[in-house]
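>>> predicted model follows, preceded by the sequence.
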Amino acid sequence: YLDALVRDLPSAPSLVERRILLGTSGGFPLALEHLVADWTRRGSASLALSLGGMSPDVPSLPGGTYHRLAGSLTDSLTPLARLVLGMAAILDRRIGELPLYALVGISVPQALAGIAELVTKGAMRDAEGELEFTSPMTRASAYLDVPGILRQTVHAQVADILLARDAEGEDLPGLEVAWHCVRGGRSGRVAPFLLRGAREAMIGGAPHEAELALRSGLPLLLGMDRSRGLVLLAEVANDLSLWQESLDAMAMVQVVDEQLQPEITVWTAMANDRLGRLAPDEQQAVVTTLAGIVHHPGTQTAVRLEACHVLAGIVEALGTDPGWVDLLDTISKSRPGEDDTYGTAKWLVTEARLHYTVGHLPEALVRLREAESILQRTVPLSKFLAFTRMGIGAVECAMGNYSQALEPTLSAYRAGVRLDSKDL
């Protein structure tokens, strides 16, 4: 239905924007129609993109449209339940943290009573022990029903609480802290949480959330923070197979340091290679440059692993030997710490690819299976896990185990469909 709505528009929404429009509509065709019309008029300033984005405030749809789309639910609520609903919409993922409702004068017993009514009326539900809104439309309507100045005040209070917890060492989602800081007028505190949170989202299998946060939050980043944000946006775009968008992001980088330059080189090489823009002589030069990044002792482990992946992909087309044995030796000494589970999975997959290339198939399969186990526990639906399973299928086929290759290959395909990935 979304395809039909955007077919005749002068410009169509991007992959990320499509997912946000669909998610915000909650699957209701009428809501989707209004959201697409709003996006056509206002683009990045539209309600769907602003609601979860890093913008200081969120605009409403004209004439209270969103409130009407949410139905008459809120009209039947008691004043207490309506107040709890508005506070819950602001708290978002902390909807069940009852002491926070005291910020607007709601005691814990009152919060419980209000939530019980909201669950009974169908505005909220218990999802595996966690409270959540039954529909994105209900939350959006409740959020917009709270006066803007009150929303900002509550966001600021929540931001202060989260900042204090972060200072005490509590592990908090970076994007959550950044969002409350932005909406609460604490823009000076946003940068580290935005950058950290975007990477967390990408690693956690939510690159679309990372893309929205970075793109909407770029105006809040200055100097090196802005450069880091743009390079991270390029990395996220590559993860989404948005190769030209990745190059566009890196083209806006103005300030670069020694740590950032290798990342730019790696992501530029990946995007240009996937777009088919590297001539054979350029490919060879890029391979040499990437090999230098892999072997350089000052290269960060994560960048070294990515450089090796990009290099391997280019060399497969060239059919040359960039020094596989030396690369394998360097990578084998670059295992991340035990607390970095995602980095360890990346390392295992990188080693597996090198072992596969030099013909060490059993060693490649062992590493891929170990990486699969890690990713299944941490990011069960992610592009990285799907690619790992594709690798398992390829190695099993190379070893003649065709029946054992079927399940991981089909699993990767199914994940690709769910993730709407162009590469799977």
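Nice, I can see it. Residues are numbered from 1 along each chain as shown.
>>> only C-alpha atoms for contact and neighbour calcs from this point on.
Will do.
>>> all the strands of the protein, residue numbers only.
Taking DSSP state E, the strands of the chain run over residues 124-127, 130-133.
>>> winner for burial among the ones you listed?
strand 130-133 (a mean of 18; mean count of other C-alpha atoms under 10 Å).
>>> which helix of the protein spans the most residues?
Counting residues, the longest helix found in the chain (DSSP state H) is helix 148-167.
>>> quick one: mean pLDDT over that helix.
For helix 148-167, mean pLDDT rounds to 96.
>>> likewise stretch 405-419?
Per-residue scores along stretch 405-419 average to 91.
>>> coming back round to it: ok, and what's touching the longest helix of the chain?
Residues outside helix 148-167 that contact it (C-alpha atoms under 8 Å, 6 or more residues apart in numbering): 57, 90-91, 100, 103-104, 172, 177, 180-181, 183-186.
>>> take the residues you listed and keep only those in helices.
Those of the contacts of helix 148-167 lying in helices (DSSP H): Ile90, Leu91, Val177, His180, Cys181, Arg183.
>>> for the longest helix of the chain, buried residues please.
Arg151, Gln152, Thr153, Val154, His155, Ala156, Gln157, Val158, Ala159, Asp160, Leu162, Leu163 (16 or more other C-alpha atoms under 10 Å).
>>> now Pro280. Nearest residue, chain neighbours left out?
Closest residue to Pro280 apart from its sequence neighbours, by C-alpha to C-alpha, 6 or more residues apart in numbering: Leu318 at 7.4 Å.
>>> any weak-confidence spans in the stretch 301-424 of the chain?
Of all residues in the stretch 301-424 of the chain, those with pLDDT under 70 make up the ranges 422.
>>> Val256 and Met224 touch, don't they?
Yes. The criterion here is C-alpha atoms under 8 Å, and Val256 meets it with Met224 at 7.2 Å.
>>> I'd say Met124 and Phe133 touch.
Yes. At 4.4 Å, Met124 counts as touching Phe133 under the criterion of C-alpha under 8 Å.
>>> tell me, what's touching those two both at once?
With C-alpha under 8 Å, 6+ apart, Met124 and Phe133 have no common neighbours.
>>> hang on, the earlier thing: just give me the closest of the ones in helices among the contacts of helix 148-167 to Ser241.
Nearest to Ser241 among the ones in helices among the contacts of helix 148-167: Val177, at 28.0 Å, using C-alpha to C-alpha.
>>> tally of neighbours for that closest one?
24 (other C-alpha atoms under 10 Å).
>>> list the contacts for it?
Ala159, Leu162, Leu163, Val190, Phe193.
>>> go on, Ser50?
Going by C-alpha under 8 Å, 6+ apart, the list of residues near Ser50 reads Ser44, Asp57, Val58, Pro59.
>>> and which of these is nearest Leu368?
For those, the nearest to Leu368 is Ser44 (39.9 Å; C-alpha to C-alpha).
>>> for Glu17, see how far away that closest one is.
From Ser44 over to Glu17 the distance is 9 Å, taken as C-alpha to C-alpha, to the nearest Å.
>>> one more: Asp75?
Applying C-alpha to C-alpha to Asp75 and Glu17 gives a distance of 31 Å.
>>> ok so, going back, quick one: which of the contacts of Ser50 is nearest Val266?
Ser44 (28.9 Å).
>>> which stretches of the stretch 1-150 of the chain aren't confidently modelled?
60-74.
>>> re earlier: kindly tell me how buried the residue nearest to Pro280 is, as a neighbour count.
Neighbours of Leu318 using other C-alpha under 10 Å come to 14.
>>> same check on Leu275?
Based on other C-alpha under 10 Å, the number of other residues close to Leu275 is 12.
>>> neighbour-wise, which of the ones in helices among the contacts of helix 148-167 leads?
With neighbours defined as other C-alpha under 10 Å, the most crowded of those is Cys181; it has 29 neighbours.
>>> what residues are up against that one?
Counted by C-alpha under 8 Å, 6+ apart, Cys181 has contacts His155, Ala156, Ala159, Ser187, Arg189, Val190.
>>> per-residue confidence at it?
Looking at Cys181, the pLDDT reads 97.
>>> what separates the residue nearest to the spatial centre of the chain from Glu370, distance-wise?
Residue closest to the average C-alpha location in the chain (C-alpha atoms, centre = their mean): Pro207, at 2.5 Å. With distances taken as C-alpha to C-alpha, Pro207 is found 23 Å from Glu370.
>>> ok, now His296?
27 Å.
>>> count of neighbours near Met224?
Quick note: Met224 (other C-alpha under 10 Å) scores 15 neighbours.
>>> cool, the one 10 residues further on as well?
In terms of burial, Ala234 registers 28 neighbours under the definition other C-alpha under 10 Å.
>>> need the contact list for it.
Here Ala234 is in contact with Glu245, Ser246, Leu247, Asp248, Ala249, Met250, Trp267 (criterion: C-alpha under 8 Å, 6+ apart).
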